[in-house]
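1. no sequence for this one, just the structure:
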């Protein structure tokens, strides 16, 4: 930014005030949205406009100014839609022409005048009156669209949105994704609810929480890492289909697919299981693609992805066996699995348990390959303390994750509804915490008490809205789709 340019604009601001002009008036005056004006007149040629002689009053930010001496052209933009404004010396009072000549790019202006079309075919408004609505004191970046530094654009999202059409498109896409999720679930009898963000006991996921303190109650509280345990209480209470779309908070690292706060859909359906949740997840994403993009074919980071039709369902056991030739259920303890990994010439790392090593193998050798939508099913029991055990194998649970574009989009279970089994799982997690597992699930006696009143068979699903938007928008980093991502303090 040029300090001289800012000083010039400040001087102009003082000049306007000295002339009795309020550079920040409280009322914008009557106006028609630019998009509406374009909708009314874009299809008309110059002769039709001359015959009809329509007029329009519009307002917006000045995005460009071209001066040809006695003729000025300005481009006004409102909510992403622009229109040209012209003013010719001699056709308007001299003081009006002088006033418009001192307008800067970035100022907000209201103009009124006849609608016409230039010889080059540009729809325009011939300015006959003008009001300054807001004075810009800093110049807009001239080459902002050329920046590739995601962090710089994230720190100044206001500039990114002003100058980068792509940023605006992604913001609109994300909003429409959320709107469609609500619409699809509402159409299927789900009830949108709200549950606490500040919780006395965090739970519903394997994650480290953010901790805060309520001074009036002298109470330690946690920002929620999931909505799950509260939503299940509602199912116990007889609300058979519930969902919540909201922010959750996890005190973890930052990467292209992780942010400490992110948006999640969680929904729960009584008398359903994880098979039903697979159907719902597929339906949701296909409906989102169809309604928002009008296409079930997308491109993500060079990969062509087809979202229509059925999606493969592959057990974690088969996925790992196909990738590296190891059967995790044959090597079903930590030492046996480590030996099998070494026998394949791979490094087993320092995973503390068999389940964690299974998860590491899957993350390293399978997950990056899952570009097309794929359900991975039947996870190790110890990784899923809230999921119902598999009737086929006690080492596993009825859980799936949906992968798309090489990372997880959805996590879902047949929900555990046996309170005694749930207590055993929580006790296992308590022992893991005592051994240093910072992500272990805490004991929640209040939730266990609620379960003892009876919980119907239930399917539950969590969907990462930001990650889904990444794939639909072909964005390489979460920071592209979260308007204000968390960033390190700028030095």
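-> Happy to help now that I have it. Keep in mind it's a predicted model, so treat the numbers as computed, not measured.
2. what is the neighbour count of the residue lying closest to residue 422 once chain neighbours are set aside?
-> Using Cβ to Cβ, 6 or more residues apart in numbering and skipping residues adjacent in sequence, the residue nearest residue 422 is residue 416, 5.3 Å away. Using the backbone N, CA and C atoms, a C-beta is placed for each residue, glycine as well. Residues within reach of residue 416, counting by other Cβ atoms under 10 Å, total 22.
3. what's near enough to touch residue 416?
-> 385-389, 422, 425 (Cβ atoms under 8 Å, 6 or more residues apart in numbering).
4. which members of those residues occur in helices, if any?
-> Taking DSSP state H as the definition of helices, the contacts of residue 416 contribute 422, 425.
5. what's the first helix or strand after the helix or strand of the chain with the lowest mean pLDDT?
-> Least confident helix or strand of the chain, by mean pLDDT, DSSP states H and E, is helix 150-155 with a mean of 80. Once the chain leaves helix 150-155, the next helix or strand it forms, by DSSP states H and E, is helix 157-163.
6. show me which residues of that next one are buried.
-> For helix 157-163, the neighbour count (16 or more other Cβ atoms under 10 Å) marks 157, 159-163 as buried.
7. return the member of these nearest to residue 104.
-> residue 162 (14.1 Å; Cβ to Cβ).
8. looking at the residue nearest to residue 422 now. What's its pLDDT?
-> Looking at residue 416, its pLDDT is 97.
9. state the distance from it to residue 424.
-> Noted for residue 416: a distance of 10 Å to residue 424, by Cβ to Cβ, to the nearest Å.
10. and the helices in the stretch 151-300 of the chain?
-> 157-163, 165-187, 228-236, 274-288 (DSSP state H, counting those that start in this stretch).
11. whoops, I mixed them up, the stretch 301-450 of the chain
-> Under DSSP H, counting those that start in this stretch, the stretch 301-450 of the chain gives helices at 316-324, 334-343, 354-365, 419-434, 445-451.
12. buried sites along the longest one?
-> Spelled out, it's helix 419-434. Buried residues in helix 419-434 (16+ other Cβ under 10 Å): 419, 422-423, 425-426, 429, 432.
13. swap in stretch 308-322?
-> 311, 314-321.
14. longest strand anywhere in the chain?
-> strand 55-67 (DSSP state E).
15. that one pairs with which strands?
-> strand 71-78 (antiparallel), strand 108-117 (antiparallel) (DSSP bridges).
16. show me the one of the ones you listed that comes nearest residue 335.
-> Of these, nearest to residue 335 by Cβ to Cβ is strand 71-78, at 65.3 Å.
17. which positions in stretch 291-298 come out as buried?
-> Quick answer for stretch 291-298 (16+ other Cβ under 10 Å): 292-293, 296, 298.
18. what about the residues you listed, which are in strands?
-> residue 298.
19. that older thread, mean pLDDT lowest for which of the helices of the stretch 301-450 of the chain?
-> Looking at the helices of the stretch 301-450 of the chain, the bottom one is helix 419-434 with a mean of 92.
20. measure how far it is from the centre of its chain, please.
-> Centre-to-centre, helix 419-434 and its host chain are 33 Å apart (Cα atoms, centre = their mean, to the nearest Å).
21. do the same with stretch 411-425
-> So, by Cα atoms, centre = their mean, the centroid of stretch 411-425 is 30 Å from its chain's centroid.
22. between the two ends of it, how far is it?
-> The first residue of stretch 411-425 is 19 Å away from its last residue (Cα to Cα, to the nearest Å).
23. before we move on, what about stretch 252-267?
-> Start-to-end span of stretch 252-267 (Cα to Cα) is 24 Å.
24. what does that stretch contact?
-> By Cβ under 8 Å, 6+ apart, stretch 252-267 touches 178, 181, 185, 190, 207-208, 210, 226-228, 231, 241-251, 280, 407, 460-467, 470, 476-479, 482, 485-486.
25. same check, this time on stretch 428-435
-> 352, 382, 385, 437, 440-443.
26. switch to 7 Å and redo it
-> With Cβ atoms under 7 Å, 6 or more residues apart in numbering as the test, stretch 428-435 has contacts from 382, 385, 440-441, 443.
27. between all of the residues you listed, which two are separated the most?
-> Maximum distance among the contacts of stretch 428-435 (Cβ to Cβ): 16.2 Å, for 382 and 443.
28. thanks again, I'm all set now.
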